[in-house]
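Participant: All I have is the shape, not the residue letters:
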């Protein structure tokens with residue numbers, strides 16, 4: 001028996017304010033398409049997707065159509081694609097069918113989701129191809145159970161999950177992170193909470209964190225595997241290996257191989273402009289430093305640039321568009337994000353009397369504007385934080401309207 005284990009594909013993600021929107025959108029489909037092609041070449045028995053197939057639960061119809069197109073080769077050759085929902089796949093309104101459920105009913109994936117019992121336990125009903133629902137599927141003697149994302153209290157549920165399983169030769173699909181291993185800060189459980197899974201499941205197929213890792217029992221037996229995202233999804237992931245797990249099970253023994261993928265180049269560049277007397281001086285220094293840092297960095301990379309330091313000119317003079325134009329001139333990036341953390345230094349002689357960075361100035365301006373309306377008196381800090389949070393999400397260019405609306409609730 002051989003299978004692929006991947007997760008956190010994030011189909012539908014792009015940068016909606018970027019000229020490279022269409023190309024970035026296709027990055028994620030190309031990555032999944034490559035994994036599908038590899039699965040067919042290796043003639044695996046099945047493919048596991050441990051959550052976050054989509055970047056958001058409310059995808060565009062064209063994203064659904066491209067997903068079908070990408071998964072079609074697996075369906076054509078009869079390789080089952082078994083999936084669970086991640087936190088990004090969730091839809092908040094349950095009065096209509098989800099895109100994941102639709103894919104399952106159409107036979108492109110087998111969506112596993114357990115049933116909750118009256119006493120708070122779990123029941124993993126056999127998967128029904130007619131309805132596209134169930135919590136458990138058996139393939140050539142391997143029993144695959146699926147759980148998806150259950151939130152920050154996942155560790156508390158582990159004993160109930162284990163109690164619901166009575167078979168041998170078990171695999172668990174679970175969209176959850178494990179502290180000290182996972183780079184995400186929410187939706188994790190402690191290693192001690194995860195450990196009982198090793199007594200019931202031979203292979204725990206994790207998702208959620210975008211960094212690959214393996215968890216072992218105290219005796220040194222690997223039992224839980226996280227592939228991370230095969231494509232780079234967010235800035236900060238440039239240092240992570242990217243790929244998926246290729247697993248072979250023979251005579252009760254399993255061999256795992258981490259197969260690396262080729263994601264789009266990504267780089268975070270930080271330049272200190274401390275002491276710059278003018279915008280021209282700052283730009284000249286920036287040009288020199290960026291030319292060094294970005295030289296030969298790969299084709300159409302994703303770049304995040306941070307500028308820091310205490311300067312003698314107003315930070316607004318070195319705005320985002322001016323900085324973005326400089327990066328585009330030097331590196332031909334697909335997308336650029338700018339973080340301006342410059343501080344304005346004013347003073348008489350050698351004595352500095354004021355230090356203010358761009359973020360503080362923006363907050364002060366918003367605070368004054370909001371406070372001018374008597375209906376919002378006393379709520380200025382809260383509304384300023386809300387306004388800047390929405391601004392930051394919009395500038396990233398990959399946030400759906402529902403995600404912005406959720407910030408207002």
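Facilitator: Cool, the structure landed. Everything numeric here is computed off the predicted structure, so don't read it as measured data. Numbers count the residues shown, from 1 in each chain.

Participant: what ranges of the stretch 101-250 of the chain fall below the confidence cut-off?
Facilitator: Under the criterion pLDDT under 70, no range of the stretch 101-250 of the chain is flagged.

Participant: how about the strands in it?
Facilitator: 110-111, 115-116, 122-123, 136-139, 142-148, 170-175, 177-178, 188-189, 203-207, 213-216, 222-226, 243-250 (DSSP state E, counting those that start in this stretch).

Participant: Name every strand pairing with the fifth one and say which way it goes.
Facilitator: Taking DSSP bridges as the criterion, strand 142-148 sits next to strand 136-139 (antiparallel), strand 170-175 (parallel) in its sheet.

Participant: Tabulate those strands (a markdown table), appending distance to residue 121.
Facilitator: In short, each C-beta sits where N, CA and C put it, glycine included. Formatted as a markdown table, these follow (distance: least, CB to CB, whole Å):
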| stretch | distance to residue 121 |
| --- | --- |
| strand 136-139 | 15 |
| strand 170-175 | 16 |
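
Participant: With residue 181 as the reference, name the closest of these.
Facilitator: strand 170-175 (13.5 Å; CB to CB).

Participant: now that closest one: how far from the chain's centre is it?
Facilitator: 19 Å (CA atoms, centre = their mean, to the nearest Å).

Participant: how big is the angle separating that strand from strand 222-226?
Facilitator: With axes from the mean of the first three to the mean of the last three CA atoms, to 10 degrees applied, the angle from strand 170-175 to strand 222-226 works out at 30 degrees.

Participant: Now tell me what touches strand 170-175 from outside.
Facilitator: 7, 48, 50-52, 82-87, 112, 142-149, 154, 161, 187, 197, 200-208 (CB atoms under 8 Å, 6 or more residues apart in numbering).

Participant: So residue 305, which state does it fall into?
Facilitator: strand (DSSP: H, G, I helix; E, B strand; the rest coil).

Participant: OK, contacts around it?
Facilitator: Contacts of residue 305 by CB under 8 Å, 6+ apart are 268, 269, 270, 271, 290, 323, 327, 336, 337, 338, 339.

Participant: Tell me the gap between the helix or strand containing residue 286 and the middle of its chain.
Facilitator: Assessed by DSSP states H and E, residue 286 sits inside helix 279-294. In terms of CA atoms, centre = their mean, the centre of helix 279-294 is set 31 Å apart from its chain centre.

Participant: ok, residue 259 to residue 75 distance?
Facilitator: The gap separating residue 259 from residue 75 is 22 Å, by CB to CB, to the nearest Å.

Participant: got it, and residue 311?
Facilitator: 58 Å.

Participant: Leaving out chain neighbours, which residue sits closest to the residue nearest the centre of the chain?
Facilitator: Per CA atoms, centre = their mean, the C-alpha nearest to the average position across the chain is that of residue 233, at 5.4 Å. The shortest distance from residue 233 to any non-neighbouring residue, by CB to CB, 6 or more residues apart in numbering, is to residue 10 (5.2 Å).

Participant: can you pull the pLDDT of the one you found?
Facilitator: On pLDDT, residue 10 comes in at 96.

Participant: same question, residue 39
Facilitator: pLDDT, read off for residue 39, is 98.

Participant: try residue 398
Facilitator: 56.

Participant: contact partners of the longest helix along the chain?
Facilitator: When the chain is parsed with DSSP state H, its longest helix is helix 21-42. Residues from elsewhere that reach helix 21-42 (CB under 8 Å, 6+ apart): 2, 4, 6, 9-15, 18, 47, 55, 66-67, 70-71, 73-74, 77, 79, 230-231, 244, 246, 259, 261, 263-264, 300, 302, 334-335, 397.
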